[in-house]
Every structure is written in structure tokens, then in C-alpha cells.
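pasting the sequence and the predicted model now:
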Amino acid sequence: MKVLPNKQYAVIGMGRFGTSVAQSLSKLGFDVLAIDSNQQKVEDVSAWVTHAVTADSTDEDALRSLGLRNFDVVVVAIGADIQASILTTLILKEFGVPQLIVKAQSELHGKVLTKIGADKVVFPERDMGMRVAHHLISPNILEYIELSKDHSIVEIKVPSFAVGKNLKQLDIRAKYKCNVLAIKTGNELNISPLAEDVIRTDDVLVIVGKTEHLSELELDYA
Ligand code: ATP
Ligand code: ATP
Ligand code: CA
């Protein structure tokens, strides 16, 4: 098995999101330091993370004495208390933490986090809401990922009209200005498919394009 470098991970804020990040890292076999200002939350997670401590992350001295300076990746998962989220991020940035991932509550909160140097800002509720909405348009839409303001990737289960046709016949590039990146057949993945490749029942297409173009395709393929 490939041995991953043993990075040091810390997660601050044991709400639902932070808990899920810490628990997943722990299940994957990584050491995780979990921090929350609420002692009960810390007790709740202490059974399955390497270390769990009660601390206020807006207290610079507390973070310093926990050795947060030496961590490779810190996830700040404080939502409701935006001020605490921003102060924590600022302190960790000044510590020089190489990878700082911060959960944002709103677009504006996210902008502030980016400005003060968060390496990655995540919007779990917004992103999940978007995915659910796309899945509601059609159960054929299995996954939806926003790449940028204007571009996205969708994973779409092929509708019956596409079965038995090849990409040339479906003419997705010309019709929708979108590109099929891959065709999934069960566990097999056909990367960069050819115009002659034929779509089979239950295939999944992974398609990239401008969001407005993909929307048209989603409606036709729903
Ligand atoms: P969820 O992921 O459940 O949606 P949320 O975004 O609603 O969470 P909160 O519940 O506001 O976020 O905060 C998550 C956790 O962060 C809480 O357990 C809270 O105790 C903790 N927290 C808030 N402020 C601090 C702080 N200054 N230091 C450490 N932990 C904090
Ligand atoms: P183009 O100039 O549009 O690439 P082409 O003359 O090079 O077309 P092919 O590569 O054989 O011809 O593709 C023919 C048509 O098949 C394309 O116009 C496009 O609509 C469709 N097609 C082929 N591959 C893909 C793909 N990966 N994603 C979307 N459409 C594709
Ligand atoms: Ca929340």
C-alpha cells in the first residue's frame, strides 16, 4: 500500500461539518486534533479522534500552546460565530499554517476569509443545497460540481433516447457546447471517449461545460 506522508491535521469546531471531517480523517487512519470551546462536544468526539481538547480558538496563546503552528492542515469549522471564525483564521494565518481550510456561512463571510488568506473556503450547506436541487430537477443527475463561477461538471445517467447511440450521433459538443470527459459503465471508466463510442443502458456521462450550457443539456437529458 502507498504510504501517505503523515501530515498533522487539526479541526476546530465540532459542529456537524467539523465532526464529519475529523471523523472521516480518523477513519482513514490519520492523526487528528479536534478542538472545541464546548467541553461536552470535546467529550463526545474524544473516543474516536487521536486528541480532543477544549479551547477557545480566538485565544492566540491557547492555540500556540497547543502547537497549532506545527500543523500541516487546519480546518476551521466554526459557522454561526463569524467573528470567531475570522479571528481564528487570522491567528492561524499568522502562525504560517501551510494549508488553511475554512467553512463559510455566507458569500460575504467567504470573501473575507479569502482576503485574510484562507487557502480554501468551503460552503457545505450551499453546495449540498445546489446538488440536491439539481438532483430534484432529475434523478438522472447524480452529481453536480461547480468548478468556477461559470463552469461546472455534471454526472448524468443516460436517458433511454441516448442508449445505443454514439457521441457523434448525440452531438453534445455541437448542440450544447459541452464536452463528455468520461463514460462510466459500472465500475469501468472510459476517459476521453471517442466520437464512435456507444452509450449503453445505465451508463453515466461525466460532462464539463459552461453552467448555462449544461443547464440546457440537463433539461433535455432529464
Ligand atoms: P454545523 O457544521 O453543525 O452546521 P455550524 O456551522 O452551525 O455547524 P456552529 O454550531 O456555530 O457551526 O459551530 C460549530 C462548533 O464550533 C460548535 O461546536 C462551537 O462550540 C464551536 N466553536 C464556536 N466558537 C468557537 C471558538 N471560538 N473556539 C472553538 N470552538 C468554537
Ligand atoms: P468537432 O470539430 O466538433 O470536434 P470533429 O469533426 O472533430 O468534430 P469528432 O471528433 O468525430 O468530429 O466528433 C463528432 C461530433 O461528436 C462532435 O461534433 C461532437 O458533437 C461529438 N463528440 C465527440 N466526442 C465528444 C465528446 N467527448 N464530448 C461531446 N461531444 C463529442
Ligand atoms: Ca449550520
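Okay, I see it. Ligands and ions are numbered 1, 2, ... in the order given.

count of neighbours near the closest residue to residue 90 other than its chain neighbours?
Using C-beta to C-beta, 6 or more residues apart in numbering and skipping residues adjacent in sequence, the residue nearest residue 90 is residue 116, 5.4 Å away. Where you see a C-beta, it was placed from the backbone N, CA and C, and this is true even at glycine. Residue 116 is flanked by 16 other residues according to other C-beta atoms under 10 Å.

ok, residue 39 next?
Neighbours of residue 39 (other C-beta under 10 Å): 11.

separation between the nearest residue to it once chain neighbours are set aside and ligand 2?
Leaving aside its chain neighbours, residue 39 sits nearest to residue 54 (4.7 Å; criterion: C-beta to C-beta, 6+ apart). Residue 54 sits 53 Å away from ligand 2, going by C-beta to the nearest ligand atom, to the nearest Å.

which helices and strands sit right next to the strand or helix carrying residue 19?
Using DSSP states H and E, residue 19 maps to helix 16-27. Helices and strands touching helix 16-27, by 3 or more C-beta pairs under 8 Å, 6 or more residues apart in numbering; DSSP states H and E, are strand 9-12, strand 32-36, helix 39-45, strand 73-76.

run the last query once more with 10 Å
strand 9-12, strand 32-36, helix 39-45, strand 73-76, strand 99-103, helix 124-137 (3 or more C-beta pairs under 10 Å, 6 or more residues apart in numbering; DSSP states H and E).

and the fifth one, which strands flank it?
It stands for strand 99-103. strand 73-76 (parallel), strand 120-122 (parallel) (DSSP bridges).

deepest of those, which one?
Mean neighbour counts were taken over the strands paired with strand 99-103 using mean count of other C-beta atoms under 10 Å, and the top value, a mean of 25, falls to strand 73-76.

for this protein, what lies in contact range of ligand 2?
Residues of the chain found near ligand 2 (C-beta under 6 Å from any ligand atom) are 167-168, 171-174, 179-180, 193, 195.

can we see that at 5 Å?
167-168, 171-174, 179-180, 195 (C-beta under 5 Å from any ligand atom).

and the residue in the chain that ligand 1 sits nearest to, what is it in contact with?
Here the chain gets closest to ligand 1 at one residue, residue 79, 1.8 Å apart by C-beta to the nearest ligand atom. Residue 79 is in contact with 13, 15-18, 85, 103-106, 109, 124-125, counting by C-beta atoms under 10 Å, 6 or more residues apart in numbering.

domain-wise, how is the chain divided?
9-122, 127-221 (automatic domain parsing).

and the shortest one, how far out from the chain middle?
Meaning domain 127-221. 20 Å (C-alpha atoms, centre = their mean, to the nearest Å).

how long is it end to end?
Using C-alpha to C-alpha, to the nearest Å, the end-to-end distance of domain 127-221 comes to 22 Å.

next: the first one.
Start to finish, the residues bounding domain 9-122 are 17 Å apart (C-alpha to C-alpha).

chain center to it: distance?
16 Å.

now do the lowest-mean-pLDDT helix or strand in the chain against strand 99-103, angle only.
Least confident helix or strand of the chain, by mean pLDDT, DSSP states H and E, is helix 124-137 with a mean of 88. If you take axes from the mean of the first three to the mean of the last three C-alpha atoms, to 10 degrees, helix 124-137 sits at 60 degrees to strand 99-103.
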